[in-house]
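Peer 1: Got a predicted structure plus its sequence, pasted below:
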Amino acid sequence: MTKRSARSPRCPAPSQRQPVLAEIQRQKMARSPHAYERGTAAHFYAWVESRSAGTLPDGPPVWICGDCHVGNLGPVADADGEVAVHVRDLDQTVIGNPVHDLLRLGLSLATAARSSDLPGVITSHIAGALLDGYEQAFDDSRSDETSRTHRPKVVRIAMEEALHRSRRQLARQNIDHVKPFIPLGKRFWPLSDNEKLAILALLESESPTLIRTVLSKKLNAEPAIRVLDSAYWVKGCSSLGRRRFAVLLDVGGACSAGGPPCLIDIKEAVEAMAPIATRHHMPRDNERRVVEGARHLTPSLGDRMMPARLDGCAVVVRELMPQDLKFAAERLSELDAVRSAHFLAIVIGQAHARQMDAGTRKAWLAQLRMRRQKSSDAPSWLWQSIVELLVKHEAEYLEHCRRYALKRPLS
(Lines give C-alpha, C1' and ligand atoms only; values in the text may rest on other atoms or scores of the structure.)
Protein backbone atom coordinates (compact mmCIF):
# COMPACT_ATOMS: atom_id res chain seq x y z
CA MET A 1 0.00 0.00 0.00
CA THR A 2 1.05 3.62 -0.52
CA LYS A 3 2.52 5.35 2.50
CA ARG A 4 -0.06 7.64 4.08
CA SER A 5 0.15 10.75 6.18
CA ALA A 6 0.28 10.55 9.96
CA ARG A 7 -2.94 9.70 11.74
CA SER A 8 -5.09 12.68 12.64
CA PRO A 9 -5.90 13.11 16.36
CA ARG A 10 -9.59 13.08 15.35
CA CYS A 11 -9.31 9.46 14.26
CA PRO A 12 -10.01 6.92 17.02
CA ALA A 13 -8.14 3.65 17.10
CA PRO A 14 -10.12 0.66 15.73
CA SER A 15 -10.81 -0.61 19.25
CA GLN A 16 -12.33 2.74 20.24
CA ARG A 17 -14.62 3.34 17.25
CA GLN A 18 -18.02 2.31 18.54
CA PRO A 19 -18.61 4.91 21.29
CA VAL A 20 -17.34 7.68 18.98
CA LEU A 21 -19.62 6.52 16.17
CA ALA A 22 -22.60 6.37 18.53
CA GLU A 23 -21.96 9.98 19.56
CA ILE A 24 -21.64 11.09 15.92
CA GLN A 25 -24.94 9.38 15.12
CA ARG A 26 -26.69 11.15 18.01
CA GLN A 27 -25.32 14.50 16.84
CA LYS A 28 -26.45 13.91 13.26
CA MET A 29 -29.95 12.91 14.32
CA ALA A 30 -30.31 15.99 16.53
CA ARG A 31 -29.65 18.45 13.70
CA SER A 32 -33.26 18.63 12.46
CA PRO A 33 -36.49 16.61 12.31
CA HIS A 34 -35.54 15.57 8.77
CA ALA A 35 -32.08 14.42 9.84
CA TYR A 36 -33.61 12.48 12.73
CA GLU A 37 -36.03 10.71 10.39
CA ARG A 38 -33.18 9.10 8.42
CA GLY A 39 -32.13 7.04 11.43
CA THR A 40 -35.54 5.86 12.62
CA ALA A 41 -36.58 2.98 10.36
CA ALA A 42 -37.07 0.78 13.43
CA HIS A 43 -39.52 3.32 14.90
CA PHE A 44 -41.41 3.47 11.61
CA TYR A 45 -41.89 -0.29 11.48
CA ALA A 46 -42.88 -0.42 15.14
CA TRP A 47 -45.70 1.94 14.16
CA VAL A 48 -46.57 -0.24 11.15
CA GLU A 49 -46.77 -3.34 13.35
CA SER A 50 -49.13 -1.51 15.73
CA ARG A 51 -51.73 -0.92 13.00
CA SER A 52 -54.89 -3.02 12.96
CA ALA A 53 -55.41 -5.34 10.02
CA GLY A 54 -56.97 -3.50 7.08
CA THR A 55 -55.84 -0.04 8.22
CA LEU A 56 -53.30 0.13 5.39
CA PRO A 57 -53.75 -1.23 1.86
CA ASP A 58 -52.17 -4.65 1.45
CA GLY A 59 -50.36 -4.44 -1.87
CA PRO A 60 -49.00 -7.30 -3.97
CA PRO A 61 -45.70 -8.57 -2.47
CA VAL A 62 -42.70 -7.15 -4.35
CA TRP A 63 -39.16 -6.19 -3.50
CA ILE A 64 -39.36 -2.86 -1.66
CA CYS A 65 -36.62 -0.44 -0.58
CA GLY A 66 -37.59 -0.95 3.05
CA ASP A 67 -36.10 2.40 4.13
CA CYS A 68 -37.50 4.72 1.49
CA HIS A 69 -36.48 8.18 2.66
CA VAL A 70 -35.36 10.99 0.37
CA GLY A 71 -31.66 10.42 1.05
CA ASN A 72 -31.92 6.86 -0.25
CA LEU A 73 -32.97 8.02 -3.72
CA GLY A 74 -30.85 9.84 -6.26
CA PRO A 75 -28.97 9.68 -9.56
CA VAL A 76 -27.47 6.24 -10.23
CA ALA A 77 -25.21 5.29 -13.14
CA ASP A 78 -25.21 1.97 -14.93
CA ALA A 79 -22.05 0.20 -16.11
CA ASP A 80 -21.95 2.42 -19.22
CA GLY A 81 -22.29 5.65 -17.26
CA GLU A 82 -25.94 6.33 -18.19
CA VAL A 83 -27.67 8.14 -15.34
CA ALA A 84 -31.24 7.98 -14.02
CA VAL A 85 -32.95 8.54 -10.68
CA HIS A 86 -33.40 5.32 -8.70
CA VAL A 87 -33.33 3.83 -5.23
CA ARG A 88 -29.65 3.99 -4.26
CA ASP A 89 -29.48 2.38 -0.81
CA LEU A 90 -31.00 -1.05 -0.29
CA ASP A 91 -29.77 -2.19 3.13
CA GLN A 92 -33.37 -2.81 4.26
CA THR A 93 -34.78 -4.28 1.06
CA VAL A 94 -37.21 -7.21 1.45
CA ILE A 95 -40.17 -8.74 -0.34
CA GLY A 96 -42.95 -6.86 1.36
CA ASN A 97 -45.92 -4.50 1.12
CA PRO A 98 -45.22 -1.65 -1.36
CA VAL A 99 -47.31 0.70 0.78
CA HIS A 100 -44.50 0.73 3.33
CA ASP A 101 -42.18 2.43 0.82
CA LEU A 102 -44.87 4.97 -0.03
CA LEU A 103 -45.53 5.84 3.61
CA ARG A 104 -41.84 6.01 4.53
CA LEU A 105 -41.25 8.39 1.60
CA GLY A 106 -44.26 10.47 2.65
CA LEU A 107 -42.91 10.81 6.19
CA SER A 108 -39.48 11.76 4.85
CA LEU A 109 -40.91 14.49 2.61
CA ALA A 110 -43.18 15.75 5.38
CA THR A 111 -40.24 16.08 7.79
CA ALA A 112 -38.22 17.81 5.04
CA ALA A 113 -41.08 20.30 4.73
CA ARG A 114 -41.09 20.71 8.51
CA SER A 115 -37.32 21.33 8.54
CA SER A 116 -37.78 23.86 5.70
CA ASP A 117 -40.35 25.83 7.78
CA LEU A 118 -43.09 25.25 5.20
CA PRO A 119 -46.75 25.75 6.24
CA GLY A 120 -48.84 22.74 7.19
CA VAL A 121 -51.00 22.93 4.08
CA ILE A 122 -47.93 21.94 2.04
CA THR A 123 -47.89 18.59 3.86
CA SER A 124 -51.44 18.03 2.63
CA HIS A 125 -50.36 18.85 -0.92
CA ILE A 126 -47.36 16.52 -0.53
CA ALA A 127 -49.64 13.63 0.44
CA GLY A 128 -51.89 14.18 -2.58
CA ALA A 129 -48.97 14.55 -4.98
CA LEU A 130 -47.32 11.46 -3.50
CA LEU A 131 -50.22 9.14 -4.27
CA ASP A 132 -50.92 10.74 -7.65
CA GLY A 133 -47.32 10.19 -8.73
CA TYR A 134 -47.30 6.64 -7.41
CA GLU A 135 -50.55 5.75 -9.21
CA GLN A 136 -49.22 7.31 -12.40
CA ALA A 137 -46.49 4.66 -12.55
CA PHE A 138 -49.14 1.93 -12.77
CA ASP A 139 -51.45 3.66 -15.26
CA ASP A 140 -50.52 2.85 -18.86
CA SER A 141 -52.81 5.63 -20.08
CA ARG A 142 -50.54 8.17 -18.35
CA SER A 143 -47.20 6.92 -19.75
CA ASP A 144 -46.80 10.03 -21.94
CA GLU A 145 -47.52 12.18 -18.90
CA THR A 146 -44.76 10.41 -16.98
CA SER A 147 -42.19 11.16 -19.67
CA ARG A 148 -43.06 14.87 -19.42
CA THR A 149 -42.99 15.00 -15.62
CA HIS A 150 -41.32 18.19 -14.42
CA ARG A 151 -38.17 17.50 -12.44
CA PRO A 152 -38.11 19.46 -9.18
CA LYS A 153 -35.16 21.71 -8.46
CA VAL A 154 -33.55 19.30 -5.99
CA VAL A 155 -33.55 16.61 -8.70
CA ARG A 156 -32.28 18.91 -11.46
CA ILE A 157 -29.34 20.07 -9.35
CA ALA A 158 -28.32 16.52 -8.44
CA MET A 159 -28.68 15.30 -12.03
CA GLU A 160 -26.61 18.16 -13.43
CA GLU A 161 -23.88 17.49 -10.90
CA ALA A 162 -24.00 13.75 -11.59
CA LEU A 163 -23.70 14.18 -15.34
CA HIS A 164 -20.66 16.45 -15.00
CA ARG A 165 -18.70 14.46 -12.44
CA SER A 166 -15.64 12.51 -13.53
CA ARG A 167 -13.75 9.77 -11.77
CA ARG A 168 -11.03 12.22 -10.84
CA GLN A 169 -13.66 14.56 -9.36
CA LEU A 170 -15.04 11.62 -7.39
CA ALA A 171 -11.58 10.99 -6.00
CA ARG A 172 -11.22 14.65 -5.04
CA GLN A 173 -14.65 14.89 -3.38
CA ASN A 174 -14.54 11.60 -1.50
CA ILE A 175 -10.82 11.16 -0.93
CA ASP A 176 -9.66 14.82 -1.01
CA HIS A 177 -6.58 13.86 -3.03
CA VAL A 178 -5.78 12.67 -6.52
CA LYS A 179 -2.85 10.76 -5.06
CA PRO A 180 -3.56 7.05 -4.54
CA PHE A 181 -3.99 7.11 -0.76
CA ILE A 182 -6.81 7.93 1.65
CA PRO A 183 -5.99 10.78 4.05
CA LEU A 184 -7.21 10.02 7.55
CA GLY A 185 -9.39 12.58 9.27
CA LYS A 186 -13.04 13.29 9.92
CA ARG A 187 -14.41 10.91 7.28
CA PHE A 188 -11.76 8.18 7.12
CA TRP A 189 -10.28 6.34 10.09
CA PRO A 190 -7.44 3.80 10.39
CA LEU A 191 -7.98 0.06 10.11
CA SER A 192 -6.68 -2.69 12.31
CA ASP A 193 -4.08 -5.04 10.88
CA ASN A 194 -6.69 -7.81 10.73
CA GLU A 195 -9.09 -5.59 8.77
CA LYS A 196 -6.36 -4.71 6.26
CA LEU A 197 -5.48 -8.36 5.77
CA ALA A 198 -9.14 -9.31 5.31
CA ILE A 199 -9.62 -6.64 2.63
CA LEU A 200 -6.46 -7.77 0.83
CA ALA A 201 -7.68 -11.36 0.89
CA LEU A 202 -11.10 -10.38 -0.43
CA LEU A 203 -10.02 -8.10 -3.26
CA GLU A 204 -6.66 -9.49 -4.30
CA SER A 205 -6.93 -13.20 -3.56
CA GLU A 206 -10.58 -14.02 -4.27
CA SER A 207 -11.90 -15.21 -7.63
CA PRO A 208 -11.67 -12.49 -10.32
CA THR A 209 -15.43 -12.97 -10.75
CA LEU A 210 -15.90 -10.66 -7.75
CA ILE A 211 -13.84 -7.88 -9.29
CA ARG A 212 -15.45 -8.29 -12.70
CA THR A 213 -18.88 -7.91 -11.09
CA VAL A 214 -18.27 -4.79 -9.05
CA LEU A 215 -16.14 -2.93 -11.58
CA SER A 216 -17.99 -1.06 -14.28
CA LYS A 217 -15.07 -1.28 -16.70
CA LYS A 218 -15.34 -3.63 -19.66
CA LEU A 219 -12.44 -5.98 -18.97
CA ASN A 220 -11.32 -8.18 -21.84
CA ALA A 221 -8.77 -10.10 -19.82
CA GLU A 222 -8.21 -11.00 -16.19
CA PRO A 223 -7.06 -7.72 -14.60
CA ALA A 224 -4.17 -7.25 -12.24
CA ILE A 225 -5.75 -5.96 -9.02
CA ARG A 226 -3.74 -4.06 -6.44
CA VAL A 227 -5.11 -2.56 -3.24
CA LEU A 228 -3.60 0.91 -2.94
CA ASP A 229 -5.13 1.91 0.36
CA SER A 230 -8.11 1.30 2.62
CA ALA A 231 -9.80 2.96 5.57
CA TYR A 232 -12.88 2.81 7.77
CA TRP A 233 -15.53 5.09 6.24
CA VAL A 234 -17.59 7.28 8.57
CA LYS A 235 -20.64 7.49 6.36
CA GLY A 236 -24.43 7.44 6.62
CA CYS A 237 -26.66 7.81 9.65
CA SER A 238 -28.66 4.67 10.41
CA SER A 239 -25.71 2.54 9.28
CA LEU A 240 -23.13 4.24 11.51
CA GLY A 241 -21.49 1.62 13.67
CA ARG A 242 -21.56 -1.10 11.05
CA ARG A 243 -18.47 -2.15 9.17
CA ARG A 244 -17.94 0.27 6.29
CA PHE A 245 -14.71 0.48 4.32
CA ALA A 246 -13.41 2.61 1.46
CA VAL A 247 -10.81 0.91 -0.71
CA LEU A 248 -8.72 2.34 -3.54
CA LEU A 249 -7.86 -0.15 -6.27
CA ASP A 250 -5.42 0.00 -9.15
CA VAL A 251 -6.97 -2.14 -11.87
CA GLY A 252 -4.75 -3.30 -14.67
CA GLY A 253 -2.11 -0.68 -13.91
CA ALA A 254 -4.41 2.25 -14.72
CA CYS A 255 -2.96 4.40 -11.94
CA SER A 256 0.58 3.83 -13.16
CA ALA A 257 -0.54 5.26 -16.50
CA GLY A 258 -1.87 8.42 -14.81
CA GLY A 259 -5.50 7.35 -14.44
CA PRO A 260 -7.58 7.68 -11.26
CA PRO A 261 -8.01 4.71 -8.92
CA CYS A 262 -11.26 2.80 -8.51
CA LEU A 263 -13.12 3.57 -5.29
CA ILE A 264 -14.69 0.47 -3.77
CA ASP A 265 -17.37 0.58 -1.06
CA ILE A 266 -17.56 -2.41 1.29
CA LYS A 267 -20.61 -2.24 3.55
CA GLU A 268 -21.83 -4.62 6.21
CA ALA A 269 -25.20 -6.25 5.49
CA VAL A 270 -27.43 -6.64 8.53
CA GLU A 271 -30.89 -8.04 9.19
CA ALA A 272 -33.76 -6.03 7.69
CA MET A 273 -36.36 -4.39 9.93
CA ALA A 274 -39.20 -4.27 7.37
CA PRO A 275 -41.94 -6.92 7.65
CA ILE A 276 -41.41 -9.74 5.16
CA ALA A 277 -44.29 -11.07 3.04
CA THR A 278 -45.24 -14.62 3.96
CA ARG A 279 -44.80 -17.55 1.60
CA HIS A 280 -42.28 -15.77 -0.62
CA HIS A 281 -38.76 -17.02 -1.17
CA MET A 282 -36.03 -14.59 -0.25
CA PRO A 283 -32.29 -15.20 0.24
CA ARG A 284 -31.55 -16.08 3.85
CA ASP A 285 -28.12 -14.44 3.88
CA ASN A 286 -28.33 -10.68 4.34
CA GLU A 287 -25.66 -9.86 1.76
CA ARG A 288 -27.48 -11.91 -0.90
CA ARG A 289 -30.82 -10.39 0.08
CA VAL A 290 -29.47 -6.85 -0.44
CA VAL A 291 -28.02 -7.66 -3.86
CA GLU A 292 -31.13 -9.53 -5.00
CA GLY A 293 -33.36 -6.65 -3.94
CA ALA A 294 -31.12 -4.19 -5.77
CA ARG A 295 -31.33 -6.23 -8.96
CA HIS A 296 -35.12 -6.01 -8.86
CA LEU A 297 -35.51 -2.40 -7.75
CA THR A 298 -32.45 -0.76 -9.34
CA PRO A 299 -30.90 -3.15 -11.88
CA SER A 300 -28.26 -0.61 -12.94
CA LEU A 301 -26.97 -0.67 -9.36
CA GLY A 302 -27.62 -4.31 -8.53
CA ASP A 303 -25.67 -5.47 -11.57
CA ARG A 304 -22.50 -3.92 -10.15
CA MET A 305 -22.91 -5.20 -6.58
CA MET A 306 -21.59 -8.44 -5.15
CA PRO A 307 -22.39 -10.33 -1.95
CA ALA A 308 -19.29 -11.45 -0.08
CA ARG A 309 -17.86 -12.43 3.28
CA LEU A 310 -15.18 -10.28 4.86
CA ASP A 311 -13.49 -12.19 7.67
CA GLY A 312 -16.79 -13.98 8.28
CA CYS A 313 -18.91 -10.79 8.17
CA ALA A 314 -21.68 -10.43 5.57
CA VAL A 315 -20.86 -7.49 3.27
CA VAL A 316 -21.91 -6.00 -0.04
CA VAL A 317 -19.14 -4.81 -2.37
CA ARG A 318 -19.58 -2.26 -5.15
CA GLU A 319 -17.63 0.29 -7.09
CA LEU A 320 -18.73 3.87 -6.57
CA MET A 321 -19.44 5.60 -9.86
CA PRO A 322 -18.89 9.37 -10.16
CA GLN A 323 -22.59 9.88 -10.91
CA ASP A 324 -23.90 8.14 -7.77
CA LEU A 325 -25.37 10.90 -5.60
CA LYS A 326 -28.06 11.38 -3.01
CA PHE A 327 -30.58 14.21 -2.88
CA ALA A 328 -30.14 17.08 -0.44
CA ALA A 329 -33.58 18.09 0.80
CA GLU A 330 -32.86 20.16 3.88
CA ARG A 331 -34.25 23.38 2.38
CA LEU A 332 -37.22 23.03 0.04
CA SER A 333 -39.51 25.67 -1.42
CA GLU A 334 -43.27 25.07 -1.31
CA LEU A 335 -43.45 24.22 -5.03
CA ASP A 336 -40.35 22.03 -4.96
CA ALA A 337 -41.62 20.05 -1.97
CA VAL A 338 -44.81 19.11 -3.83
CA ARG A 339 -43.03 18.45 -7.12
CA SER A 340 -40.46 16.30 -5.32
CA ALA A 341 -43.23 14.20 -3.79
CA HIS A 342 -44.80 13.60 -7.19
CA PHE A 343 -41.53 12.87 -8.99
CA LEU A 344 -40.03 10.57 -6.35
CA ALA A 345 -43.33 8.69 -5.99
CA ILE A 346 -43.15 7.93 -9.73
CA VAL A 347 -39.61 6.58 -9.24
CA ILE A 348 -40.75 4.28 -6.44
CA GLY A 349 -43.90 3.32 -8.32
CA GLN A 350 -41.90 2.34 -11.40
CA ALA A 351 -39.53 0.24 -9.28
CA HIS A 352 -42.54 -1.63 -7.88
CA ALA A 353 -44.50 -1.79 -11.14
CA ARG A 354 -41.79 -3.47 -13.20
CA GLN A 355 -41.96 -6.43 -10.83
CA MET A 356 -45.68 -6.98 -11.55
CA ASP A 357 -47.47 -8.33 -14.59
CA ALA A 358 -50.12 -6.24 -16.34
CA GLY A 359 -53.02 -7.80 -14.44
CA THR A 360 -51.41 -7.27 -11.05
CA ARG A 361 -50.56 -3.66 -11.86
CA LYS A 362 -54.14 -2.99 -12.92
CA ALA A 363 -55.60 -4.61 -9.79
CA TRP A 364 -53.22 -2.73 -7.49
CA LEU A 365 -54.07 0.59 -9.16
CA ALA A 366 -57.79 -0.13 -8.77
CA GLN A 367 -57.30 -0.93 -5.08
CA LEU A 368 -55.50 2.37 -4.49
CA ARG A 369 -58.17 4.35 -6.35
CA MET A 370 -61.00 2.74 -4.39
CA ARG A 371 -59.89 4.57 -1.27
CA ARG A 372 -59.73 8.04 -2.85
CA GLN A 373 -62.69 10.40 -2.67
CA LYS A 374 -61.23 12.97 -5.07
CA SER A 375 -58.36 12.56 -7.47
CA SER A 376 -56.65 15.64 -6.04
CA ASP A 377 -56.90 14.61 -2.39
CA ALA A 378 -54.93 12.08 -0.40
CA PRO A 379 -57.13 9.22 0.87
CA SER A 380 -57.83 9.16 4.60
CA TRP A 381 -55.54 6.18 5.26
CA LEU A 382 -52.55 8.01 3.76
CA TRP A 383 -53.26 11.40 5.32
CA GLN A 384 -54.01 10.01 8.78
CA SER A 385 -50.94 7.78 8.64
CA ILE A 386 -48.63 10.68 7.75
CA VAL A 387 -50.16 12.86 10.49
CA GLU A 388 -49.79 10.09 13.11
CA LEU A 389 -46.24 9.40 12.04
CA LEU A 390 -45.36 13.10 12.15
CA VAL A 391 -46.78 13.49 15.66
CA LYS A 392 -44.96 10.38 16.86
CA HIS A 393 -41.78 11.43 15.09
CA GLU A 394 -41.85 14.96 16.56
CA ALA A 395 -42.20 13.65 20.10
CA GLU A 396 -39.35 11.18 19.59
CA TYR A 397 -37.16 13.85 17.99
CA LEU A 398 -37.68 16.30 20.85
CA GLU A 399 -36.95 13.60 23.41
CA HIS A 400 -33.80 12.69 21.50
CA CYS A 401 -32.71 16.33 21.53
CA ARG A 402 -33.49 16.67 25.25
CA ARG A 403 -31.38 13.64 26.10
CA TYR A 404 -28.59 14.80 23.83
CA ALA A 405 -28.71 18.36 25.19
CA LEU A 406 -28.47 17.17 28.78
CA LYS A 407 -25.05 15.72 28.00
CA ARG A 408 -23.68 18.85 26.35
CA PRO A 409 -23.55 22.44 27.69
CA LEU A 410 -25.19 25.22 25.74
CA SER A 411 -22.75 27.12 23.51
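Peer 2: Looks like it came in fine.

Peer 1: Give me the neighbour count for the nearest residue in space to Thr93 that is not next to it in sequence.
Peer 2: Using Cβ to Cβ, 6 or more residues apart in numbering and skipping the chain neighbours, the partner closest in space to Thr93 is Gly293 (2.9 Å). For glycine as for every other residue, the C-beta is placed from the backbone atoms N, C-alpha and C. Other residues near Gly293 come to 27 when the count uses other Cβ atoms under 10 Å.

Peer 1: and what of Lys196?
Peer 2: Quick note: Lys196 (other Cβ under 10 Å) scores 17 neighbours.

Peer 1: per-residue pLDDT, Arg408?
Peer 2: Arg408 carries a pLDDT value of 60.

Peer 1: cool, and Val154?
Peer 2: Taking Val154 on its own, its pLDDT is 61.

Peer 1: returning to what we had before: show me what contacts the residue nearest to Thr93?
Peer 2: Gly293 sits next to 63, 66, 90, 93-94, 302 when contact means Cβ atoms under 8 Å, 6 or more residues apart in numbering.

Peer 1: Same list (those) but as a markdown table, adding distance to Arg51.
Peer 2: Output for the contacts of Gly293, formatted as a markdown table (distance: Cβ to Cβ, whole Å):
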| residue | distance to Arg51 |
| --- | --- |
| Trp63 | 22 |
| Gly66 | 17 |
| Leu90 | 24 |
| Thr93 | 21 |
| Val94 | 18 |
| Gly302 | 30 |
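
Peer 1: Restricted to helices, list those.
Peer 2: Using DSSP state H, Gly302 are the members of the contacts of Gly293 that sit in helices.

Peer 1: Closest one of the contacts of Gly293 to Met370?
Peer 2: Nearest to Met370 among the contacts of Gly293: Trp63, at 24.5 Å, using Cβ to Cβ.

Peer 1: Low-confidence stretches in this protein?
Peer 2: Scanning the chain for pLDDT under 70 picks out the ranges 1-9, 78-81, 143-179, 205-223, 322-331, 371-376, 405-411.

Peer 1: domain parsing for it?
Peer 2: 1-28+179-322, 31-165+326-411 (automatic domain parsing).

Peer 1: can you map out the helices along the stretch 301-411 of the chain?
Peer 2: Counting by DSSP state H, counting those that start in this stretch, the stretch 301-411 of the chain has helices at residues 334-353, 358-370, 380-406.

Peer 1: For the shortest one, give me every contacting residue.
Peer 2: Translated: helix 358-370. Where contact means Cβ under 8 Å, 6+ apart, the residues beyond helix 358-370 that reach it are 57, 59-60, 98, 131, 134-135, 138-139, 353, 356, 379.

Peer 1: thinking again about what came up before, ok, so of the contacts of Gly293, who is nearest Arg38?
Peer 2: Nearest to Arg38 among the contacts of Gly293, counting by Cβ to Cβ, is Gly66 at 13.6 Å.
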